[in-house]
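In: mind looking at a prediction? Sequence and model below.
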Amino acid sequence: MRYIPLTQDQRRQILKEIGVSSVEELFESIPSNLRLNQPLDLPPSLSEWAVQRLLTGLAESNADSDKSPCFLGAGAYRHYIPAVVSSLGNRQEFVTAYTPYQPEVSQGTLQALFEYQTMMTQLTGLPVSNASMYDGAMATAEAALLAFRTTKKSLLAVSRALAPGYRKTLETYTRHQEITIRELPVTPEGRTDPEAVQSVLKENPAAILIQSPNFFGVIEDLSLLSSHINNTGSMLITVVNEAVSLGILKSPGDTGADIVCGDAHSMGLPISYGGPYLGFMTVKEKFLRQIPGRVVGMTVDKDRRTGFVNTLSTREQHIRREKATSNICTNQALCATVAGIFMATLGRKGLRELAFLNMKKSAYLKQRIGSLKNCRLTFTGPTFNEFAVTLNEPVERINRKLTEKGIIGGYDLSPDYPEYPDTVLLCATELTTREHIDNLISILEDLGRVS
Amino acid sequence: MRYIPLTQDQRRQILKEIGVSSVEELFESIPSNLRLNQPLDLPPSLSEWAVQRLLTGLAESNADSDKSPCFLGAGAYRHYIPAVVSSLGNRQEFVTAYTPYQPEVSQGTLQALFEYQTMMTQLTGLPVSNASMYDGAMATAEAALLAFRTTKKSLLAVSRALAPGYRKTLETYTRHQEITIRELPVTPEGRTDPEAVQSVLKENPAAILIQSPNFFGVIEDLSLLSSHINNTGSMLITVVNEAVSLGILKSPGDTGADIVCGDAHSMGLPISYGGPYLGFMTVKEKFLRQIPGRVVGMTVDKDRRTGFVNTLSTREQHIRREKATSNICTNQALCATVAGIFMATLGRKGLRELAFLNMKKSAYLKQRIGSLKNCRLTFTGPTFNEFAVTLNEPVERINRKLTEKGIIGGYDLSPDYPEYPDTVLLCATELTTREHIDNLISILEDLGRVS
Amino acid sequence: MRTNKNAGFFPGAQGLILEEPLIFELSVPGRTGYSIPEDDLPDLPESVMPSGNLMRDDIPGMPEVSEVDIVRHYTRLSTWNYSIDHGFYPLGSCTMKYNPKVNDRTVSLPGFANLHPLVPPKHAQGALRLMHELGEYLKEISGLDAITLQPSAGAQGELTGMLMIKAYHESRGDRDRSIVLIPDSAHGTNPASCTVAGFTTKTLTSGNDGCIDLEELQSQLNDHVAAIMLTNPNTLGIFEKNACRIARMVHDAGGLIYMDGANLNALMGIVKPGQLGADILHINLHKTFSTPHGGGGPGSGPVAVNAALEPFLPIPRVIRTDDTFAWDYDKPMSIGQMHNFYGNFGVLVRAYTYIRSMGAAGLREAAETAVINANYIRVKLREHYQIAYDRICMHECIFNDLNQQKFGVSTLDIAKRLMDYGFHPPTIYFPLIVKGALMIEPTETESIETIDQFIRAMIEIDRETKSQPDLLHQAPIRTKRKRLDETLAARNPILRWTPDLNFPSQPD
Amino acid sequence: MRTNKNAGFFPGAQGLILEEPLIFELSVPGRTGYSIPEDDLPDLPESVMPSGNLMRDDIPGMPEVSEVDIVRHYTRLSTWNYSIDHGFYPLGSCTMKYNPKVNDRTVSLPGFANLHPLVPPKHAQGALRLMHELGEYLKEISGLDAITLQPSAGAQGELTGMLMIKAYHESRGDRDRSIVLIPDSAHGTNPASCTVAGFTTKTLTSGNDGCIDLEELQSQLNDHVAAIMLTNPNTLGIFEKNACRIARMVHDAGGLIYMDGANLNALMGIVKPGQLGADILHINLHKTFSTPHGGGGPGSGPVAVNAALEPFLPIPRVIRTDDTFAWDYDKPMSIGQMHNFYGNFGVLVRAYTYIRSMGAAGLREAAETAVINANYIRVKLREHYQIAYDRICMHECIFNDLNQQKFGVSTLDIAKRLMDYGFHPPTIYFPLIVKGALMIEPTETESIETIDQFIRAMIEIDRETKSQPDLLHQAPIRTKRKRLDETLAARNPILRWTPDLNFPSQPD
Ligand SMILES: Cc1ncc(COP(=O)(O)O)c(C=O)c1O
Ligand SMILES: Cc1ncc(COP(=O)(O)O)c(C=O)c1O
């Protein structure tokens, strides 16, 4: 086997040196009646070429969103990945290293993560970042758990416009934690109802959890909401699912969030059927020792030269075991490294320009949609790069027709939100060309004429 | 511009430090009437994304031989490139390094080339290898020049079965060197006529130049030819265009060659529309100081630790100028590095197995072709992974029909060799599946029935 | 360079490496390294875009660098990492095996990389088939009946499993089972996951043989016990010889068996965990199935279960009808979702590629070779280092520093000194029940020649322990940074750069 | 690490690197790292395959290693190289600029990488269009009328050009023109290429200003002169101020102007070589057009010519009819082929990508910035190092070691010491007419911050020249290997490993 260097000759020799007569002897502690005496029922080993052909075949039976115009967002955002990002992110020194438990031989990963942390704090406006979580949904669940741990309260108010997958994951994570989740309704603007926020605050919740841009693409008025929450003893958790928006939207930290969490996959990671993505979390200074997950800190070596280590590990499972702030161990370090490269590449101006272009593409699409007779914008609130549209027939039907034209349509909101029937979430990013948009519009127009 | 770090502010500042008031002043030595006062007429700068789309479009309008069955060889041989070979060959430390003029910071490239040289000597059976030439055609021309330099004779006898592109390049390189080229005819076996060799030897040529497997895919009987040449004072130059064949064919060195040269692109390089490929040359010990091109040697450092340097540079243009053994400077070092990785990966057994499989695939195709009524094998000699077939209609017509079925047919021999009308060179490698072959056969069969 | 195969030679050496400041320190106002796709739209009226107090004008502190700055910065950083592509990583419990390069190729195929998670399943048949088949393979390997591929790492697999155990007992009206028994040798994630799942944990003190003490177990079993969470082979590298007996005891007491499958590399093709009585098993694809560790992730922690637990698996689940695949969300007893989508799909592609490359025989050969290599190290080093449990081990073996402590040399010193010899240190001070543990897992992908080098380095360090212990306290001396002050980092946390940051040191 | 942007800091440092023997020393009989595609054929009778004395049974000495051995071997080797991705490469005449990563992406597109050179042109329209358009761009940049992309490097471009000059004169019956005039500052390939083309060369001694001496030129001009081969800017980094005059003189004498375009980076968008009188110009894509150098190639050396020389260009040539492209072999006056196919196509893809990324403005900015950076170094270092020609330079500037020689320190010492500071040395001892030359070409892709670091290192070395010259003789001291014995290598050539090789040294 090409991955196993021990030759048959060596194997015999080594077994002798170990002092056993056969490899079976090494497995004698396993009850012999349980030991398999026939091979596993798996397909036979393939040559590298055959394996590559097989996988190529599987891959080609999927829709490549780079080949067909695609209006799906809803939690997975397509953006251009600069060549430097893939090239550097594929450096095997980053890819095949272990968690940096031994900092002296891991300064590369550690400095890259320290820089990632820094950039996440700059982007989100809160001063402490961890070095990644599994994904945005899990990060959101962990943020809620943090709020409970620190406030010792048991109510959580969650916007109905939180991504359904986040909501479901949050529920799974908190089910056995004596927590009540209260849903906050949405206004016709498509925003979390500020009055509902005010009223739930009377019940002294641990936290209010708001996504912005929310699942409908609408940018929440976080300043307004936080002005209500401020000084109530409840925390504001802001969720960001489309990290690219932070290039142009006021940072959640600046609008009063105590915790910002979400997913930053859209900064340099392929959409890759939903993962690996990049859960992130930033918190206020006072939650420094409460944040879950790995954190990299700056220190010095014996010669007093600057270096980096994993730190604050007394929060973590390997030290605190059942009392840890989280059970997370392996996280998404490489994704954080890649996002760091992405952010550094675009930088101060590029991130802004990219966000602006997303906003503009989507505004153009929205404007054109607005002019169609058979569609109407579901909400009136301001949006970033996606928005909801109510059609006059089921989304599935429209999407099927688009598929026939080689277009991947938007996300059907209605199953998750029955109150918005025939409603689709359309996303346009910098990769959506004017031609894609004009094409979509003319197809929708035609459909309107036919139906 | 993303590749130019000097900002406008810095530019102003630096110009001041240089002591000029504008960048134009730096160009004052160029006559002002010649200096361009308008931009070059080039298409506008594109974003990385646009450039990638543009190039993807260009690439997709070409035939991807990985997608369509392809029976072309004739000097460019498709083989599987193991993932390790591309992964390591793409390490930017190899890719973006300069020629190792400064050995202390170039030991990686130097050791890799030293190992490449070693493997080429093992494969070809001659003890001295250079570190690459531009391509097989140029290496062959350089081999001829070496023979003239050392024998001081002026006649070169070249097999008619030498690849036409090699022949043409050889002619270009030697045109002004007072050299006569004599062509050696081919027998019905498809081999260089041994009697013609014997008779040309009477004229005391500098060298006899034989390709094996030759352009018709036929393996020459080099031992026989060299038995004639031995001790005549003429040299035997053996050309190998399909280096994979060396995994199973007797090494040219063992069959009496004085120089082995050719192209080793088929060991790990993509076919890439004909380049970059890998010219190689190995020679007998006595030509050590006559070999053209870069050569890496082993030495020691100040602490007497083993290391590597470019050596024997007194042969080279930067020292010897007009008296150099060759004008080559930049060569194909990365290609040699990659071929080295390929050879090391396949290794002693794998190279043999790969060669065997090529031979077998081609033998199967040959056997099946042999059974067709409308085709006949042009030659009777033994072949490696390609062979000539004479059809009963023009190759172009057949190939056009194959194209309609998504198959890339073989190489039409007739334009270069009018004596073999309606003759096609068909190549099968390890990437040619049984299905490809059976498919081709049944189409040819059908065509036979129709015509 | 060694001059022949038999000459002693350690890979560790020193050479030119390049220092590099923080990316923020490279920043120059106005410098750009980016390229945004062209804006192909007409100008739009400002009114159609959000504005006002929702917006920011600037992201202060973000770097402004050119493309060459980026490339050199991260290239230089990368050269400071040790990685599996550099050399041996005998990290016990981590199964740092070679990551085949073909897996990098398959995962980046455009049909996978550019596949949107929300396309209708008919546009994702290849991905769904891959997930379905990978699930089938893992079920076969684990001897269990159903599986989820959703958890993003081992710890999330544990949490998923524990939540399922909770749901299982609750579904049977067995609401008082709030305790999970965990051996003291367990990995920290085990108790931590139990807590998140709402359980209370109780520690089982291991027997002298490193295995679960049956009497101790019996004494803890009662009808509050929801499950035992055991690792097999356990973190001492020892097969829990009473696995079946334990399973019976726990099952008889109404509890379930959660098996931490982090060490599955020792068992693949040898024995199926399901046959050892496990009801639930998580599998670390980033260990046993060769997906790279990425400096700390992403991983993937599929959870296999027996039929009784199947209804509780997370949603959505891949279902197959004839030769068509789809997502099924309609599982009313499911514990719900653990991920916004389906988990770390890219990692699944790699693991699938690996299994198809290895085949059944290859996986068994891997397990056997991993165990052979560990035992070879065990017998070669036991004269020099005290071995925690001196008996045949599985895929890893554990030493301690008792011999060396006499000379004032600790496990930490030994670990750091190994770096100078060109090796990554083993896992240290874990499992907690072995004082000064040095936990060595060679895996099957290391050659005997590499292992011999490592053994010689360990013996050399033992010699240095006696001759020059101070050298060991100073180690590592060949790395870019010497021993780092972890206490300072924790006492005075600097977790990000700011323009006014006072660096803890100002060396040249 | 520097703590802020203004603090002095040199990148050169030492850290852990890993030694590695020769691949042959890693070989173990029976070990495999390969995977051959499946044989899907039935058994064939032996008689259908070649056999007997045509065959070999074995390739002795070839390594037998596993995949992990290969990966570690070449990964480790790669870490011993300095490269443009590591840092500054002020190699004069080599134009070591940053190689954009997007070019790696485009060149590996399957439609390019898997394109067979002999497919009918209708299956290669994208490739042919790319070559045609690249040719058009290079013609525009050079101000010439026709082009070939076939030469594989600059030197082959020179040869191509000289052969065309030969053919040109012969076509006019002008058979006595056998002499080529070459300035003494020229690159070695220039005279070498002339020899291969069948010319005799005569050296022109440069004037005191580093330029061609017009009187000297006049005295050499006669009707045996086929051409002058000049480099502009010349290898001293100086623009040949009399370029037009020289052209007129040579043309008047019936000769042609071959311009070595290795230094085109200084001129792009500023002036067209064709307007300077060049009849033939080769272009090094691996210099000016950012294609990577690969440790010594592959490069590409297109040759642009004016209309009079067009008939002599190599075959085949890309021709365009409407919007369709094809190969034209039917050029009876062509010098023939220089390559089995069409040249280093992959390199052309990269150069095309680069030009499309840069646009006209970008190329001009590159030239301007390259010249600005060189002049900055010139003014900053001239107090410390003697400058060969103290005047405004183009893209490179040349110092010598006269100041340092007084302290026994040579150009070689300075070069080697620069490595310790983390820089690749400049080109040294070239051009030959500057004794102890240090030829520095920063290119436009280096930041002023990097250049400042380099300048500080050079100044520091000058200081060390006086204070500790012996350190400089020892340099480099931070690299994996210290100064290598080139004399030993040449005296006792060991050009390959053999099983019985006596290594020149036996260190540990
Ligand atoms: C025994 C054991 N259990 C659980 C885990 C946790 O797995 P993960 O790091 O993938 O969350 C690990 C690995 O770190 C482990 O070694
Ligand atoms: C001035 C000059 N001319 C010619 C050449 C030869 O080019 P190449 O190395 O591409 O053959 C070089 C580069 O080495 C050069 O610097």
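Out: Thanks, I have the structure now. Ligands and ions are numbered 1, 2, ... in the order given.
In: can you list phi and psi of the residue in the stretch 51-200 of chain C that ligand 2 sits nearest to for me?
Out: The minimum distance from the stretch 51-200 of chain C to ligand 2, using CB to the nearest ligand atom, falls at C:Val68 (21.9 Å). Just so you know, the C-beta spots here come from the backbone N, C-alpha and C atoms, and that holds for glycine as well. With angles defined as degrees, to the nearest 10, C:Val68 sits at phi -70, psi -30.
In: what about it, how many neighbours?
Out: Using other CB atoms under 10 Å in any protein chain shown, C:Val68 has 27 other residues around it.
In: am I right that C:Val409 is in contact with C:Leu471?
Out: No - C:Val409 is not in contact with C:Leu471 according to CB atoms under 8 Å; the separation is 9.8 Å.
In: so for these two, which residue has more residues nearby?
Out: C:Val409 (25 against 16).
In: what's near enough to touch the more buried one?
Out: C:Asp401, C:Thr465, C:Pro469, C:Leu472, C:His473 (CB atoms under 8 Å, 6 or more residues apart in numbering or on different chains).
In: gap between the residue of the stretch 51-200 of chain C closest to ligand 2 and B:Gln13?
Out: 20 Å (CB to CB, to the nearest Å).
In: just to revisit the earlier point, skipping its backbone neighbours, what lies nearest the residue of the stretch 51-200 of chain C closest to ligand 2 in space?
Out: If the residues on either side of it in the chain are set aside, C:Val68 comes closest to D:Tyr98, at 4.1 Å by CB to CB, 6 or more residues apart in numbering or on different chains.
In: so is stretch C:305-316 next to chain A?
Out: Yes - using CB under 8 Å from any CB of the partner chain, we find that stretch C:305-316 touches chain A at C:Pro314.
In: now the chain, which segments are flagged as low pLDDT?
Out: In the absence of a named chain, this looks at chain A. A:450-451 (pLDDT under 70).
In: um, chain C though
Out: C:1-8, C:506-508.
In: show me which residues of it are close to chain B?
Out: Residues of chain C lying near chain B (CB under 8 Å from any CB): C:1, C:3, C:16, C:28-38, C:65-69, C:71, C:75, C:100-102, C:104-105.
In: and the residue of the stretch 251-400 of chain A found nearest chain B, helix, strand or coil?
Out: Across the stretch 251-400 of chain A, no residue is closer to chain B than A:Thr345, which sits at 8.9 Å (CB to the nearest CB). Three-state assignment for A:Thr345 (DSSP: H, G, I helix; E, B strand; the rest coil): helix.
In: which residues touch it?
Out: A:Pro82, A:Val84, A:Val85, C:Gly33, C:Tyr34, C:Glu67, C:Ile70.
In: kindly format the C-alpha coordinates of the host helix or strand of the third one as CSV.
Out: Using DSSP states H and E, A:Val85 maps to helix A:83-89. Once non-C-alpha atoms are left out, helix A:83-89 reads as follows in CSV (Å, rounded to 0.1, in the frame of the first residue of the first chain):
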residue,chain,number,x,y,z
ALA,A,83,-5.7,33.1,-6.2
VAL,A,84,-3.3,34.1,-3.4
VAL,A,85,-5.9,33.0,-0.8
SER,A,86,-6.1,29.5,-2.2
SER,A,87,-2.4,29.3,-3.0
LEU,A,88,-1.3,30.3,0.5
GLY,A,89,-4.2,28.5,2.3
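In: who are the packing partners of the helix or strand following it?
Out: Using DSSP H and E, the helix or strand that follows helix A:83-89 in sequence is helix A:92-95. Secondary-structure packing of helix A:92-95 (3 or more CB pairs under 8 Å, 6 or more residues apart in numbering or on different chains; DSSP states H and E): helix A:107-124, helix A:333-370.
In: which of those sits most buried?
Out: Neighbour counts (mean count of other CB atoms under 10 Å in any protein chain shown) averaged over each of those peak at helix A:107-124, with a mean of 28.
In: count the residues that sit near C:Glu46.
Out: For C:Glu46, the count of nearby residues is 8 (other CB under 10 Å).
In: what of A:Leu222?
Out: A:Leu222, neighbours per other CB under 10 Å, totals 25.
In: distance of the nearest residue to it once chain neighbours are set aside from ligand 2?
Out: Ranked by CB to CB, 6+ apart and with sequence neighbours excluded, the top spatial neighbour of A:Leu222 is A:Thr255, at 3.8 Å. As judged by CB to the nearest ligand atom, to the nearest Å, A:Thr255 and ligand 2 stand 58 Å apart.
In: need the contact list for A:Thr255.
Out: A:Gly125, A:Leu222, A:Ser223, A:Ser226, A:Thr238.
In: can I assume the third one sits in a helix?
Out: Yes - using three-state DSSP, the assignment for A:Ser223 is a helix.
In: phi and psi next, for the closest residue to it other than its chain neighbours.
Out: Once flanking residues are discounted, A:Ser223 sits nearest to A:Thr255: 4.7 Å by CB to CB, 6+ apart. When quoted as degrees, to the nearest 10, the phi and psi of A:Thr255 stand at phi -100, psi 20.
In: check A:Val239 too.
Out: The phi/psi pair for A:Val239 (degrees, to the nearest 10) is phi -110, psi 130.
In: can you report how many residues lie near it?
Out: A:Val239, neighbours per other CB under 10 Å, totals 31.
In: kindly report the same for A:Asp446.
Out: 12.
In: how far is the helix or strand hosting it from where the chain is centred?
Out: Using DSSP H and E, A:Asp446 sits within helix A:434-450. Taking CA atoms, centre = their mean, to the nearest Å, one finds the center of helix A:434-450 at 31 Å from the center of the full chain.
In: buried sites along it?
Out: A:Arg434, A:His436, A:Ile437, A:Asn439, A:Leu440, A:Ile441, A:Ile443, A:Leu444, A:Glu445, A:Leu447 (16 or more other CB atoms under 10 Å in any protein chain shown).
In: name the helices or strands packed onto the stretch of helix or strand C:Glu464 belongs to?
Out: For C:Glu464, the element it lies in under DSSP H and E is helix C:448-467. Using 3+ CB pairs under 8 Å, 6+ apart, the elements in contact with helix C:448-467 are helix C:345-381, helix C:402-405, helix C:411-420, helix C:469-474.
In: cutoff 10 Å now
Out: If you count contacts as 3 or more CB pairs under 10 Å, 6 or more residues apart in numbering or on different chains; DSSP states H and E, helix C:448-467 packs onto helix A:8-18, helix C:345-381, helix C:402-405, helix C:411-420, strand C:438-440, helix C:469-474, helix D:67-78.
In: ligand 1: which of these is closest?
Out: Nearest of the helices and strands packed on helix C:448-467 (CB to the nearest ligand atom): strand C:438-440, 9.6 Å.
In: quick one: is the closest one near ligand 1?
Out: No - shown here: strand C:438-440 not in contact with ligand 1 (CB under 6 Å from any ligand atom), separated by at least 9.6 Å.
In: in chain C, which spans are helices?
Out: Taking DSSP state H to define them, one finds helices in chain C at C:67-78, C:102-107, C:110-113, C:125-142, C:154-171, C:189-196, C:214-220, C:243-252, C:345-381, C:402-405, C:411-420, C:448-467, C:469-474, C:486-491.
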